[in-house]
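**Student:** coordinates only, no sequence provided:
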């Protein structure tokens with residue numbers, strides 16, 4: 001008995017050590033580029049600027065971007081970023097990395113918690129592989145670097161599902177579920193509501209309800225104490241809801257729920273409409289390199305469908321995925337909360353399948369479909385490996401050593417991964433693919449993306465304005481470049497207007513005014529300025545590619561000529 005107890009303690013300690021190493025690895029995988037890459041337009045700098053204004057104004061209830069209310073979601077993410085910026089003491093300097101700290105910590109924690117859930121459901125090795133597949137996926141690597149809401153929301157979703165797993169394990173073992181478990185479940189839902197409103201309820205309540213329906217057994221839901229648990233959820237979110245309701249006179253709920261949340265269902269907002277099946281189509285790249293292995297695992301997962309563990313994970317994935325396939329507005333990160341469950345199922349199948357992989361060999365159509373998907377995933381890997389070479393050649397005109405190193409290091413690993421797939425050794429292939437992904441990300445975010453000056457227009461514009469600023473309180477109008485990154489880097493002190501409005505400002509404030517105008521809008525600007533008897537003087541130019549609009553810009557900074 002003592003030996004058995006000692007063995008369990010050793011296994012727990014061993015798993016804790018491995019999870020600690022995984023956390024260390026994911027943290028440092030997400031670290032490159034955090035301070036050196038400028039804000040990604042367009043969502044990230046909106047969060048950053050709104051957070052900065054929150055700290056500068058001391059108003060932690062009414063979130064604003066410049067002079068406009070930002071009534072898209074509750075204030076939770078802004079509070080987290082404000083705490084990070086305040087603790088770092090970098091508000092005046094507008095240090096980008098400080099705003100990205102919550103995403104870094106949340107994504108690292110989400111990957112580690114996913115690995116722990118995988119270990120509890122299956123084996124420690126499967127859990128760690130799940131963490132590796134999730135942590136090296138393209139979408140996680142991208143979202144974990146940005147000061148947006150999705151990393152923190154993912155952590156809350158995984159926490160909610162981890163609590164549900166505890167409840168289901170209690171049920172399977174025939175032991176009671178502690179009260180604190182229910183408090184944690186409903187408290188996490190409350191935190192999710194503070195981050196992105198009702199979105200958290202889709203995986204948070206959808207999973208247990210779907211599982212109860214599939215199992216045809218509802219009594220276990222009582223373990224969550226729904227009779228009073230919802231009061232815990234309300235206790236988290238209600239104070240701020242009352243405050244913003246009073247401050248905005250109800251406008252927040254009209255915009256956030258009526259327009260932003262419900263409005264996405266019927267039509268695609270901000271040109272983000274897409275066909276049903278969109279998320280399935282982009283899964284190949286969003287979950288790469290794990291996407292191929294997830295597809296290969298489908299027959300194994302189907303053969304395990306009678307297991308409550310597999311049913312739990314499927315009930316996590318399917319309702320959430322279906323909801324976001326059916327609504328009109330679609331973006332890749334909308335189904336990110338389902339990725340941890342996909343990673344766990346894939347990792348478990350990779351470890352335990354054995355000869356069951358012969359299913360694909362027995363079926364002609366299976367071989368064709370999986371082979372085609374494998375070719376697609378291999379092509380994605382090749383494209384990512386040479387992305388640094390292509391980007392720097394097209395945008396900069398010369399290829400740095402870092403781009404060659406990234407391609408030279410990742411392509412052989414990708415070739416090894418393909419060879420292992422052909423041999424039927426998918427576990428080894430997954431490890432090679434993950435290593436390939438790490439080399440790609442390190443190359444891109446350490447040596448390539450931060451140096452793509454042609455696409456980072458906002459920092460160069462801000463530097464140009466600072467160089468020629470005629471007055472401490474210079475009035476700046478940007479008439480041809482209206483990205484939020486410029487607003488953030490200029491501390492909110494820039495107006496986004498058209499060329500004629502820029503000319504009107506310069507004629508009104510000739511001694512302390514500056515206008516940014518693209519060459520294509522210059523004729524309109526000069527005509528409007530001449531009509532007011534003012535002549536322009538050019539201080540400098542910034543040219544590059546605006547990736548948000550897909551246009552090349554040649555921007556001039558103009559002031560009024562001395563009479």
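**Tutor:** Perfect, I can see it now. Nothing here was measured: the structure is a model prediction, and the numbers come from that model.
**Student:** which non-adjacent residue is nearest residue 435?
**Tutor:** The shortest distance from residue 435 to any residue that is not its chain neighbour, by C-beta to C-beta, 6 or more residues apart in numbering, is 5.1 Å, and that residue is residue 413. Heads up, the C-betas are built off the backbone N, CA and C, glycines and all.
**Student:** ok, that neighbour - contacts?
**Tutor:** For residue 413, the contacting residues are 432-433, 435-436, 439, by C-beta atoms under 8 Å, 6 or more residues apart in numbering.
**Student:** name the element it belongs to?
**Tutor:** In this structure, residue 413 is located in helix 401-422 according to DSSP states H and E.
**Student:** picking up where we left off before, how near is the residue nearest to residue 435 to residue 437?
**Tutor:** Note on residue 413: its distance to residue 437, by C-beta to C-beta, to the nearest Å, is 9 Å.
**Student:** what does residue 390 give?
**Tutor:** As defined by C-beta to C-beta, residue 390 lies at a distance of 18 Å from residue 437.
**Student:** the two: which is more packed in?
**Tutor:** It is residue 437, of residue 390 and residue 437, that has more neighbours when counted by other C-beta atoms under 10 Å, with 28 against 13.
**Student:** contacts only, for that one.
**Tutor:** The neighbourhood of residue 437, defined by C-beta under 8 Å, 6+ apart, consists of 136-138, 141, 288-289, 384, 410.
**Student:** residue 447: which of the residues you listed is nearest?
**Tutor:** Lowest distance from residue 447 to the contacts of residue 437 (C-beta to C-beta) belongs to residue 410, with 13.1 Å.
**Student:** what's the burial count for that closest one?
**Tutor:** 25.
**Student:** ok, now the one 10 residues further on?
**Tutor:** Residue neighbour count, defined by other C-beta under 10 Å, stands at 18 for residue 420.
**Student:** now do the contacts for the nearest residue to it once chain neighbours are set aside.
**Tutor:** Counting by C-beta to C-beta, 6+ apart, residue 429 is the residue found nearest to residue 420 once chain neighbours are left out, at 3.6 Å. Contact criterion C-beta under 8 Å, 6+ apart gives 293, 416-421 as the residues in contact with residue 429.
**Student:** give me the buried subset of those.
**Tutor:** In terms of neighbour count (16 or more other C-beta atoms under 10 Å), the buried residues within the contacts of residue 429 are 293, 416-418, 420-421.
**Student:** least confident secondary structure element in the protein?
**Tutor:** helix 263-266 (a mean of 60; mean pLDDT, DSSP states H and E).
**Student:** tell me which residues of the helix or strand just after that one are tucked away?
**Tutor:** The C-terminal neighbour of helix 263-266 among helices and strands, as given by DSSP H and E, is helix 278-286. Neighbour-count burial for helix 278-286, with 16+ other C-beta under 10 Å as criterion, is recorded at 278-279, 282-286.
**Student:** these into CSV, with extra columns for distance to residue 457?
**Tutor:** Written out in CSV, the entries for the buried residues of helix 278-286 read as follows (distance: C-beta to C-beta, whole Å):
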residue, distance to residue 457
278, 30
279, 31
282, 27
283, 32
284, 31
285, 26
286, 27
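**Student:** now, among those residues, which is nearest to residue 244?
**Tutor:** residue 279 (31.3 Å).
**Student:** contacts only, for the closest one.
**Tutor:** 321, 324-325, 330, 332, 334-335.
**Student:** can you tell me how far it sits from residue 319?
**Tutor:** Counting by C-beta to C-beta, the gap between residue 279 and residue 319 amounts to 13 Å.
**Student:** before we move on, what about residue 493?
**Tutor:** Going from residue 493 to residue 319 by C-beta to C-beta gives 46 Å.
**Student:** more neighbours: these two, which one.
**Tutor:** Neighbours per residue, other C-beta under 10 Å: of residue 493 and residue 319, the larger number sits with residue 319, 20 against 12.
**Student:** pLDDT score for the nearest residue to that one once chain neighbours are set aside?
**Tutor:** Distances taken as C-beta to C-beta, 6+ apart put residue 206 closest to residue 319, at 3.9 Å, once the chain neighbours are dropped. At residue 206 the predicted local distance difference test score is 97.
**Student:** what packs against the helix or strand encompassing residue 206?
**Tutor:** When secondary structure is defined by DSSP H and E, residue 206 falls within helix 201-215. In terms of contact count using 3 or more C-beta pairs under 8 Å, 6 or more residues apart in numbering; DSSP states H and E, helix 201-215 is assigned the packing partners helix 150-173, helix 179-196, helix 308-326.
**Student:** please report phi then psi for the residue most central in space within the chain.
**Tutor:** Nearest to the centroid of the C-alpha atoms of the chain, with distances taken as C-alpha atoms, centre = their mean, sits residue 143, at 2.5 Å. The phi/psi pair for residue 143 (degrees, to the nearest 10) reads phi -70, psi -30.
**Student:** I'd say it and residue 152 touch.
**Tutor:** No: under the criterion of C-beta atoms under 8 Å, residue 143 is not in contact with residue 152, lying 10.1 Å apart.
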